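S.K.: What would the 3D arrangement of this be:
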Amino acid sequence: MSDDWRVHAELESEIGAGHLLKGMHEREIASELHDHLDSRLPVTAEGKHVFVYTADRAQAETAAAVVAEVLDHHDLHGVVLIAQWHPVEEAWKDPDEPLPLTPEQQAAEHAALEEREARESAERGAQWEVRIDLASHADALAVADRLEGEGLAPLRRWKHVFLSVATEDDANALADRLRGDSLGAENIVVEGTAADAWRATHPYAVLGGIADA
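M.R.: Model (predicted):
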């Protein structure tokens, strides 16, 4: 099932989030959702935040209504919002903000992503890295020395050499350049140094789902 839509409930405390989760899994709530939705919806929690992921806006609105009902039933206080995933910008955004369709709109969202990555790298350290896989420990030593001589700051781990980079675009550009530098690498790949964006925004903990009583 696609999960490009999300219901986000922010409670006043983690205890409140726990009560919300319990209420959402009560049989009568699940049965009500089952009457409206034909699939099991992932439900996750992080601190005082509870998330429900859905395939489309109609499902999200139905789930949001149920979440609001549970909050009211258990006398809980929280804010319930719906958001849509924008894959170009890799961000949850207002449901009324359309996905970018034109090249100009896509370029604008991609620029916003690059700006965010650069800011996060400045605040928390590089968010991307280029990994160079070599055939031997000796090869890795030689490549690391060579890159250091070029003014880079490689990190070597046995047969692998890593270069930290602020943004994905910069990492891809560096990887492309290194692939043409005759390093003798078995593989050169770009990876995120932080948790993968999609997994980080879809923390499917072992909380099961709703809508399948």
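
S.K.: Show me the contact partners of stretch 111-119.
M.R.: 88-91, 127-128, 166-169 (C-beta atoms under 8 Å, 6 or more residues apart in numbering). Heads up, the C-betas are built off the backbone N, CA and C, glycines and all.

S.K.: If we use 6 Å, what do you get?
M.R.: 89-90, 127, 166-167, 169 (C-beta atoms under 6 Å, 6 or more residues apart in numbering).

S.K.: for stretch 175-191, same thing?
M.R.: Contacts of stretch 175-191 (C-beta under 6 Å, 6+ apart): 129-135, 143, 171-172.

S.K.: Now render the contacts of stretch 111-119 as TSV, adding secondary structure, neighbour count and pLDDT.
M.R.: Listed next are the contacts of stretch 111-119 as TSV, based on DSSP: H, G, I helix; E, B strand; the rest coil; neighbours: other C-beta atoms under 10 Å; pLDDT from 0 to 100:
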residue	secondary structure	neighbour count	pLDDT
Glu89	coil	20	87
Glu90	coil	18	84
Gln127	coil	23	86
Ala166	coil	18	90
Thr167	coil	20	90
Asp169	helix	17	92
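
S.K.: Distance of the spatially closest residue to Arg146 that is not a sequence neighbour relative to Gly18?
M.R.: Among residues not flanking Arg146 along the chain, Leu183 sits closest, at 7.5 Å (C-beta to C-beta, 6 or more residues apart in numbering). Distance of Leu183 to Gly18, computed by C-beta to C-beta, to the nearest Å: 52 Å.
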